[in-house]
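Enquirer: predicted model follows, preceded by the sequence.
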Amino acid sequence: ELRSEAGELLGTGVAPWTYRQREKGASTVLVRFSVDVAGGEWDVLYFTGAVDAEGGPGRRLEGSLSTGLGRRVGEFVAEPL
């Protein structure tokens, strides 16, 4: 689920996450997931990001958002609560 800071449901996952393991000698892994946001400006948003697998509790998932047509529409940062 994707929720606003106020707790409003903005969208739900439409497919399993994909995960690409880190390359030898690197600590970063890549993830991709999609969220169905029907009723909004876009039907599906794709989140593609990277996170330091060894970053500890302060690690951040950082990446970009794109539409189903591949148009980049923004960036995001996710941190543990």
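Expert: Structure received. As the structure is a prediction and not an experimental result, all values here were calculated from the model.
Enquirer: please enumerate the strands of this protein.
Expert: Chain-ordered strands for the chain, with DSSP state E as the definition, fall at 2-3, 9-13, 18-20, 28-36, 44-52, 61-67, 72-78.
Enquirer: identify, out of these, the most deeply packed stretch.
Expert: Burial among these, expressed as mean neighbours by mean count of other CB atoms under 10 Å, is greatest for strand 44-52, which shows a mean of 18. Yep, even glycine has a C-beta here, placed from its N, CA and C like the rest.
Enquirer: strand partners (parallel or antiparallel) of it?
Expert: In the sheet, strand 44-52 lines up against strand 28-36 (antiparallel), strand 61-67 (antiparallel) (DSSP bridges).
Enquirer: mean pLDDT lowest where, among these?
Expert: Within those, confidence is poorest for strand 28-36, with a mean of 88 (mean pLDDT).
Enquirer: starting at the chain centroid, how far to that strand?
Expert: Computed by CA atoms, centre = their mean, to the nearest Å, the chain-centroid distance of strand 28-36 equals 5 Å.
Enquirer: so what angle separates the directions of that strand and strand 9-13?
Expert: Compare the direction of strand 28-36 with that of strand 9-13 by axes from the mean of the first three to the mean of the last three CA atoms, to 10 degrees and you get 110 degrees.
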